[in-house]
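S.K.: sequence unknown, structure follows:
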Ligand SMILES: O=C(O)C(=O)C[C@]1(C(=O)O)C=C[C@@H](O)C=C1
């Protein structure tokens with residue numbers, strides 16, 4: 001893989017994930033997740049590294065919805081990386097109380113308890129990414145705002161860490177997926193024996209027990225599912241599809257039979273990918289490549 005798109009600017013968690021997927025690929029920052037996926041669809045890049053789910057805040061809906069409704073971009077790898085959120089301030093403002101806290105909405109949500117305790121009276125402002133907030137605050141000390149971002153962003157934009165590890169739960173990880181239409185794959189050092197398959201299931205119609213029947217096809221074969229989530233089909237209230245993560249490869253002995261059984265029930269199945277899945281533990285230094 002030569003070029004990988006990520007949510008920029010430099011210093012986001014997405015850039016850390018892109019570097020974890022490949023230490024050699026050139027990293028290309030984009031202004032939002034939809035632009036990363038468009039760049040891949042338009043073949044400006046060979047791959048995109050985008051967040052899918054966080055242990056504290058849950059799914060990144062924009063990624064799920066873009067993958068289901070807008071594109072046909074296969075998932076070729078997954079890595080869960082540790083997320084340590086810090087409070088950063090401009091070095092000129094270390095002795096002042098910040099007038100607002102600025103960051104990506106997911107980062108603010110991961111620090112909700114801390115921010116409620118420390119900054120209940122301040123405004124919490126949304127940025128397009130953690131590093132974007134850091135970049136803007138670094139450029140204008142007059143703003144007197146604090147930023148929630150990682151250590152890499154502090155270093156890159158010359159901000160001071162005023163408080164460390166402000167996320168509300170210790171085990172904070174975000175799952176990122178690598179998407180590619182060009183046969184890109186993740187760093188061999190990350191490859192584990194764990195394989196996962198993600199499918200989108202649409203039920204034929206809303207009748208009692210429909211989802212139960214789908215789940216039974218997995219249950220009696222003892223196929224473990226690691227996630228099931230309903231998302232709106234965007235066609236009307238009460239219309240949902242299900243995104244299901246299966247803890248096995250697509251061609252694993254019992255999986256094809258389960259999927260055939262679900263199709264025989266009249267369900268539509270779309271494969272989003274079958275891929276190796278890795279976890280980087282919290283004690284591993286993530287900024288090693290920068
Ligand atoms: O803003 C960033 O640094 C990102 O990479 C985005 C993002 C997200 O979308 O959840 C990624 C990981 C963290 O959970 C917080 C923010």
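M.R.: Ah, there it is. Here the structure is a predicted model, which means the values were calculated and not measured.
S.K.: when you work out contacts or count neighbours from here on, use the C-alpha atoms and nothing else.
M.R.: OK.
S.K.: now the residue nearest the centre of the chain, nearest residue through space, not along the chain?
M.R.: Residue closest to the average C-alpha location in the chain (Cα atoms, centre = their mean): residue 51, at 1.5 Å. Of all residues not flanking residue 51 in the chain, residue 176 sits nearest, at 4.2 Å (Cα to Cα, 6 or more residues apart in numbering).
S.K.: so that neighbour makes contact with residue 49?
M.R.: Yes: Residue 176 is within contact range of residue 49, at 6.4 Å (criterion: Cα atoms under 8 Å).
S.K.: of the two, who's got more company?
M.R.: The neighbour comparison of residue 176 against residue 49 (other Cα atoms under 10 Å) goes to residue 49, with 30 against 26.
S.K.: doesn't the more buried one fall inside a strand?
M.R.: Yes: per DSSP: H, G, I helix; E, B strand; the rest coil, residue 49 lies within a strand segment.
S.K.: so it bridges to which residues?
M.R.: Per DSSP bridges, the residues bridged to residue 49 are residue 178.
S.K.: what's the pLDDT at it?
M.R.: Reading off the confidence values, residue 49 has pLDDT 98.
S.K.: from what I can see it touches residue 5, true?
M.R.: Yes: using Cα under 8 Å, residue 49 is in contact with residue 5, at 6.3 Å.
S.K.: can you name the residues of the stretch 1-150 of the chain sitting close to the ligand?
M.R.: Counting by Cα under 6 Å from any ligand atom, the stretch 1-150 of the chain comes close to the ligand at 7, 12, 13, 14, 51, 54, 104, 106, 107, 129, 130, 131.
S.K.: show me those residues that map onto helices.
M.R.: 13, 14, 106, 107, 130, 131 (DSSP state H).
S.K.: measure the residue lying closest to residue 246 once chain neighbours are set aside to residue 240 for me?
M.R.: Nearest in space to residue 246, with sequence neighbours left out and distances taken as Cα to Cα, 6+ apart, is residue 225 at 4.5 Å. Using Cα to Cα, to the nearest Å, residue 225 is found at 19 Å from residue 240.
S.K.: can you pull out the helices in the chain?
M.R.: Under DSSP H, the chain gives helices at 13-21, 33-41, 61-65, 105-110, 112-118, 130-139, 151-157, 210-219, 255-264.
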